[in-house]
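# Build the 3D model from these lines:
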Amino acid sequence: MKLDGMHHLTMITADARANVEFYADLLGLRLVKKTVNFDAPDAYHLYFGDEQGSPGSILTWFEFTGAARGHAGAGMIHTIQLGVDSEASLDFWEERLAAAGQPPQRGPGSLRFADYDGLGLELVVADPENSQLRAEHPEIPPEHALTGVEGARAFAGAELGADADLLTRTLGFSATAEGDGEAEYLLADERRFRWGYDPPSQRGVQGAGTVHHIAWHSRDEDHEAWRRRVAEAGMHVTPVIDRDYFLSIYFRQPQGVLFEIATTSPGFAVDEDPDHLGEELRLPRQHEHLRPQLERLLTPLENPRAGSGAGR
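This is a model prediction of the structure:
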């Protein structure tokens, strides 16, 4: 039984319109689902990814309108690494981001920048063994399109080895480096994902521009077994929760990062035509009765794929 890499990452934003403009227009990802937060249905939950909404490509946001900006600290993810094909792709993105007023910082094999909320992002040359999870955008040549999420780095929230057994013995990561306050791990099956820790430089504050949780990808038939395995490792794990597009379990691991394990099925095309993902507001079944008031309350959002006549 193995995890198939990362499923998705979920963040917080203060502005859903800016979210769509940045990730769907500037970065060229596909807005694959426009729905609401299960626990706060007056807040959007937006999903971006490749053309199919494949696990490993998905970035999602809760919108809490006007939320104060937060910043990552101990036990929080501070940087998300997105893949590109080559150094030539980094050249393309360096020019595109600078032209959009988001000047990046170039490093060996990487390009660092932040989004409008201050979320730390890094473009890296993708692992050649990873599948290419591309979205299509008229301004982005296919050879320079983002190819999925390659890794993430967090600030350690406890001593460096606090979650080493959980990661390696329970979840199947391989330890690749440790020292000088840093640790790195690799999760390698369907997609390779690099997970690392750095020493915290400040106390974290949850808010706009911070990561809420990271989800790992389980095969459908293994999900219940993962719940038992995580519980046996001493984690306080939730019951299985139906998120309409996947089933989920959650637990906060010893470094303080909130982990989720999510299934493949049923996927984002369960309630929309695959050619029209993210064009209409889709509500969790439990909140469908709230549709009239939510459609009045939520900020109208246009999916760039739907054209000028898009609804909410």
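
# Residues touching stretch 66-79, excluding its own?
Residues outside stretch 66-79 that contact it (C-beta atoms under 8 Å, 6 or more residues apart in numbering) are 9, 12-14, 112, 117-118, 120-122, 152-158, 198, 200-211, 214, 255-257. In short, each C-beta sits where N, CA and C put it, glycine included.

# what about the residue lying closest to P274 once chain neighbours are set aside, neighbour count?
Setting aside the residues directly before and after it, P274 is nearest to Q52 in space (C-beta to C-beta, 6 or more residues apart in numbering), at 7.0 Å. The burial metric for Q52, expressed as a neighbour count using other C-beta atoms under 10 Å, is 16.

# who's in contact with Q52?
268-269, 274.

# got a pLDDT number for it?
Confidence at Q52, expressed as pLDDT, is 94.

# how far away is it from G148?
According to C-beta to C-beta, to the nearest Å, Q52 stands 12 Å off from G148.

# same check, this time on G118
For G118, the distance to G148 - C-beta to C-beta - is 23 Å.

# Comparing the two, which residue is more hemmed in?
The neighbour count for G118 versus G148, taken as other C-beta under 10 Å, is higher for G148 (26 against 14).

# Please name the spatially closest residue to that one (chain neighbours excluded).
Distance criterion C-beta to C-beta, 6+ apart; nearest residue to G148, sequence neighbours excluded, is L133 at 3.7 Å.

# residues in contact with that neighbour?
Contact analysis of L133 by C-beta under 8 Å, 6+ apart lists 49-50, 54, 56-57, 147-148.

# what about 10 Å?
Contact analysis of L133 by C-beta atoms under 10 Å, 6 or more residues apart in numbering lists 29, 49-58, 83, 126, 145-149, 191.

# For S265, what are phi and psi?
phi -100, psi 160 (degrees, to the nearest 10).

# how many other residues sit next to it?
As a burial measure, S265 scores 11 neighbours (other C-beta under 10 Å).

# again with G157
20.

# separation between the residue nearest to G148 and P41?
For L133 relative to P41 (C-beta to C-beta), the value is 29 Å.

# What ranges does the stretch 51-200 of the chain have for its helices?
Applying DSSP state H, counting those that start in this stretch to the stretch 51-200 of the chain gives helices spanning 87-99, 164-165.

# quick one: which of these is nearest R228?
helix 164-165 (16.8 Å; C-beta to C-beta).

# that older thread, anything in contact with each of Q52 and G148?
With C-beta under 10 Å, 6+ apart as the test, Q52 and G148 both reach 133, 135.

# tell me the pLDDT at G179?
76.

# so what's it bridging to?
G179 has the following beta-bridge partners by DSSP bridges: E182.

# do you know how far it is from P199?
According to C-beta to C-beta, G179 and P199 sit 12 Å apart.

# And the two? Which one has more around it.
The neighbour comparison of G179 against P199 (other C-beta under 10 Å) goes to P199, with 11 against 8.

# Now the more buried one. Nearest residue, chain neighbours left out?
Nearest non-adjacent residue to P199, counting by C-beta to C-beta, 6+ apart: G181, 3.9 Å away.

# How about D115?
In space, D115 is closest to F22, 5.4 Å off (C-beta to C-beta, 6+ apart).

# Looks like the one you found contacts L46 (just checking).
No - with contacts counted by C-beta atoms under 10 Å, F22 stays clear of L46, the gap being 11.2 Å.

# so what sits against both of these two?
Shared contacts of F22 and L46, counting by C-beta under 10 Å, 6+ apart, come down to T13.

# neighbour-wise, which of the two wins?
Neighbours were counted for F22 and for L46 using other C-beta under 10 Å; L46 has more, 25 against 21.

# Count the residues that sit near the residue nearest to the more buried one when sequence neighbours are not counted.
Excluding its sequence neighbours, the residue lying closest to L46 (C-beta to C-beta, 6+ apart) is W61, at 5.1 Å. Neighbour count of W61, defined by other C-beta under 10 Å: 27.

# and the gap between W61 and L187?
For W61 relative to L187 (C-beta to C-beta), the value is 23 Å.

# try I140
28 Å.

# and what of T170?
Going from T170 to L187 by C-beta to C-beta gives 12 Å.

# who has more neighbours, the two?
L187 (23 against 17).

# For the stretch 201-312 of the chain, give me the ranges with low pLDDT.
For the stretch 201-312 of the chain, the stretches flagged by pLDDT under 70 are 307-312.
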